[in-house]
Each structure stands twice: as C-alpha cells, then as structure tokens.
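Colleague: Provided below are the primary sequence and the corresponding predicted coordinates.
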Amino acid sequence: MGTKITFEKDTCHRCIGTGRLAAYSHVHGGVCFKCNGSGSLYTPASRKAKAIVDEVIVQRTKIAVTDVVVGQLIRPRPAQPKARVIAIGEDRENGAAIVDGVRIPMIFRTLTLQYADKVVTYSAELRFPLYRETTSEDVEAAITALGRRKAGFKVTRD
Ligand SMILES: [Zn+2]
C-alpha cells in the first residue's frame, strides 16, 4: 500500500493516558488540555522528526487552486481531512488585499467538496494554495529529509 512513517508517543503525564481530568470536568467535559483527550504525547525526538516530515509534506503537496480538477482529493489546510472535489464554480472577486502597498483583488473559486460525512461549499482564494493527497513519493522524500536521524519514528513499507 505504500510507505508510512509512525511517530513514537508516550503516555500523557497529565492525565496518565485517560485523556480526561476529573478535576476539570466543568471545562470542556474534562478533556485533558495537554494531549487534547488522546491520552498520549509525542516524545521530544518524535516531535522534531515530525516537524521535518510535516514541512516536507506541506511543501510537496501544495497545489494552486487553478490546478485543481474535479474528482481530485484535496485538503484546504495541511492537517485537515481530505475531500473529493465534486464541482468547480465560477471565479468571483470579493474585496482586495494590500500587499506591500499594492492592491491585489481577492478572487475566490467555489469548490464543492465531498467529505466522508458531508458536502461543503468552499471558497478558495486564488492567492493561497490547497494541498493534494500525500503519495508514497512524498513520504520517501520526507524520509530522505530526515537524513541520519533515527530516533522517535518508525518507517513501514508494504
Ligand atoms: Zn492528557
């Protein structure tokens, strides 16, 4: 199926792996704010490795809004869930941005996105990238970027 990098995690020391703090049950239902309820945290070594991998993946998967096609899987932001583009609408100008003293019209392209559980209309501003699906080649490039680093992660190829 491809190459996968998994990052080492330790049990969250704040909630001892439960993801909840009884003393804070009045705040967001007592979800542990240290681990966001997951019960685990990246280790110092895995956090460094993950930062390198995330940066490589973000740079490689960037795609211009104008290059997006119907049927493609994209993410509006790198860490968000992926969605399939099911329709592309007309471009619309809505306001302007001043960049270095220059007025740049803000043009939005309407994308209809099919998520696992819902359909969303998304206005993508042409100045900003979207992110395509991560491929095995992207993951291999991230592994190369990790260089001689060995701690905090595991690579599986199948
Ligand atoms: Zn926790």
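Modeller: Looks like it arrived, so ask away. Just so we're clear, the structure is a prediction, and the values are computed from it rather than from any experiment.
Colleague: now Tyr24, nearest residue through space, not along the chain?
Modeller: Gly30 (5.0 Å; CB to CB, 6 or more residues apart in numbering). For the C-beta atoms, the positions are set from N, CA and C on the backbone; glycine is no exception.
Colleague: ok, Phe33 to the ion distance?
Modeller: As defined by CB to the ion, to the nearest Å, Phe33 lies at a distance of 8 Å from the ion.
Colleague: For this structure, what lies in contact range of the ion?
Modeller: Counting by CB under 5 Å from the ion, the positions of the chain adjacent to the ion are 12, 14-15, 32, 34-35.
Colleague: can you list contacts of the longest helix along the chain?
Modeller: In terms of residue count, the longest helix belonging to the chain (DSSP state H) is helix 44-61. The contact list for helix 44-61, computed with CB atoms under 8 Å, 6 or more residues apart in numbering, reads 5, 7-9, 42, 75, 78, 131-134, 138-139, 141-142, 145-146, 149, 151-153.
Colleague: now do 7 Å
Modeller: Here helix 44-61 makes contact (CB atoms under 7 Å, 6 or more residues apart in numbering) with 5, 7-9, 42, 78, 131-132, 134, 138, 141-142, 145-146, 149, 151-153.
Colleague: Same check on stretch 76-91?
Modeller: The contact list for stretch 76-91, computed with CB under 7 Å, 6+ apart, reads 58, 68, 70-75, 107-115, 122, 130-131, 133.
Colleague: again, 6 Å this time
Modeller: Among residues not part of stretch 76-91, those counted as contacts by CB atoms under 6 Å, 6 or more residues apart in numbering are 58, 68, 70, 72-73, 75, 107, 109-115, 131.
Colleague: Show me what counts as buried in that stretch.
Modeller: For stretch 76-91, burial by neighbour count (16 or more other CB atoms under 10 Å) applies to 76, 78, 82-85, 88.
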